[in-house]
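Visitor: Sequence first, predicted coordinates after that:
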Amino acid sequence: RALALDPRHWSAAAALIEVLRQTGRAAEAIALCRRLLERNPADVRIWSALAGMRQERFDAADVGALERAAAQPGLDLEGNVRVGFALAKAYEDVERHEPAFAAYVRANAVVRRALPWDAAAHSGEVDAILAAFASAEAGGDPRFGSEVIFVVRLPRAGSTLIDQILA
């Protein structure tokens with residue numbers, strides 16, 4: 001309804017795209033992205049959402065549209081990152097591997113400049129967390145927390161499936 005009232009309502013579009021994707025309705029999410037891109041082919045947020053759906057493969061026309069979107073003046077940090085990774089995927093999909101690699105390098109460089117890694121600061125944060133929980137209070141009901149299951153995982157290792165099975 002929000003999109004019917006205002007087709008440019010990015011938050012509503014993003015939420016609907018994600019709900020469709022998460023509920024296994026990827027084809028509908030892709031179709032919605034395509035409709036939104038017909039209205040505004042320079043919307044890097046929609047391109048990014050579409051690139052995040054591995055069911056969709058970009059073609060040469062998409063590459064051209066993404067190149068134009070990437071060249072638009074005034075893109076902010078988020079826009080540059082989104083369009084950079086979407087363009088890299090588009091190049092991959094059309095088997096233009098050298099430009100894909102270059103696009104990934106550029107997008108990652110933007111992220112690195114915005115979020116520089118500080119190993120010492122990260123280690124300090126981890127040490128502070130460990131110190132905060134170094135001594136658990138004894139006593140109380142021994143059953144407290146017995147129903148909790150922690151799922152420790154690596155990305156793309158099936159943790160969502162484990163969550164669904166446990167639920």
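Guide: Sure thing, it's come through.

Visitor: Strands of this protein, residue ranges please.
Guide: Assigned by DSSP state E, the chain shows no strands.

Visitor: what bits of the protein have low per-residue confidence?
Guide: 136-139 (pLDDT under 70).

Visitor: Quickly note the distance from residue 115 to residue 84.
Guide: 14 Å (Cβ to Cβ, to the nearest Å). C-betas here are computed from N, CA, C, even on glycine.

Visitor: Tell me which of the two has more neighbours.
Guide: Set residue 115 next to residue 84 and count neighbours by other Cβ atoms under 10 Å: residue 84 wins out with 24 against 9.

Visitor: Now the most centrally placed residue in the chain. Nearest residue, chain neighbours left out?
Guide: Compute the mean C-alpha point of the chain, and by Cα atoms, centre = their mean the closest residue is residue 52, 6.6 Å away. Nearest residue to residue 52, sequence neighbours excluded (Cβ to Cβ, 6 or more residues apart in numbering): residue 21, at 7.9 Å.

Visitor: Burial check on that neighbour, number of neighbours?
Guide: Per other Cβ under 10 Å, the neighbour tally for residue 21 reads 19.

Visitor: next one: residue 45
Guide: A count of neighbours around residue 45, defined by other Cβ under 10 Å, yields 19.

Visitor: That one and residue 81 touch, don't they?
Guide: No: if you go by Cβ atoms under 8 Å, residue 45 and residue 81 don't touch, sitting 11.0 Å apart.

Visitor: quick one, what contacts the residue nearest to residue 52?
Guide: Neighbouring residues of residue 21 by Cβ atoms under 8 Å, 6 or more residues apart in numbering: 29, 52, 53.

Visitor: Including distance to residue 164, could these go into a markdown table?
Guide: Output for the contacts of residue 21, formatted as a markdown table (distance: Cβ to Cβ, whole Å):
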| residue | distance to residue 164 |
| --- | --- |
| 29 | 19 |
| 52 | 20 |
| 53 | 20 |
